[in-house]
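Colleague: just the structure for this:
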Amino acid sequence: MKIRKNEPPRSFRVGKQADREIRDSGDIHLEPDEQVTFVTDSGRRHDFARKAWGFYATPSINGRLEDEGFRTALIRNQQGQMYVTVVEVDKQVLFEKYCEREEQTVLEWLSDATSERPNQFRGRVG
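Modeller: Model (predicted):
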């Protein structure tokens, strides 16, 4: 793994009103079969793994990702661009407000659509 930090981070405006700032902190270069784990302040973990053919962008969405306290949604913005999002279950209200403000639509909660396990959040769609 190679890490290249942007010092200082490159920043740019995003959002429907360009009222949010993103800071690009750098690049992580992974070799095939290398993984990095992103950790939230609450300790939830999200893995991202490189394969020879591309990437696993999440752990299993109806298994380990759920066990870590995340839900996975497919969303679409007003320009028709689609994104896969990973939402902390206890921050879903923030996510729903974000989607409303940015005029984005949840097309499907992927974790609900694929899970055969009981899901306490089934049916709650933003």
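Colleague: with just CA atoms, put whichever strand or helix holds residue 7 into CSV.
Modeller: For residue 7, the host element (DSSP states H and E) is strand 2-14. Extracted as CSV, the C-alpha positions of strand 2-14 are listed here (Å, rounded to 0.1, in the frame of the first residue of the first chain):
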residue,chain,number,x,y,z
LYS,A,2,1.2,3.5,-0.9
ILE,A,3,-0.3,6.6,0.6
ARG,A,4,0.1,10.1,-0.9
LYS,A,5,-1.1,12.9,1.3
ASN,A,6,-2.3,16.2,-0.1
GLU,A,7,-0.6,18.9,2.1
PRO,A,8,-2.6,21.0,2.3
PRO,A,9,-5.7,19.1,1.3
ARG,A,10,-7.3,20.1,-1.9
SER,A,11,-10.8,21.5,-1.2
PHE,A,12,-13.8,22.1,-3.4
ARG,A,13,-17.5,23.0,-3.0
VAL,A,14,-20.3,20.4,-3.5
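Colleague: now that strand, how far from the centre of its chain.
Modeller: With CA atoms, centre = their mean, to the nearest Å as the basis, strand 2-14 stands 19 Å off its chain's centre.
Colleague: now stretch 22-33
Modeller: Once both centres are worked out by CA atoms, centre = their mean, stretch 22-33 turns out to sit 15 Å from its chain's centre.
Colleague: list the buried residues for it?
Modeller: By neighbour count on 16 or more other CB atoms under 10 Å, the buried set for stretch 22-33 is empty. In this view, the C-beta of every residue, glycine as well, is placed from N, C-alpha and C.
Colleague: cool, and stretch 47-64?
Modeller: Across stretch 47-64, burial judged by 16+ other CB under 10 Å covers 47-50, 58-59, 61-62.
Colleague: on that earlier part again, listing partners with orientation, what would you give for the strand holding residue 7?
Modeller: Strand 2-14 pairs in its sheet with strand 20-29 (antiparallel), by DSSP bridges.
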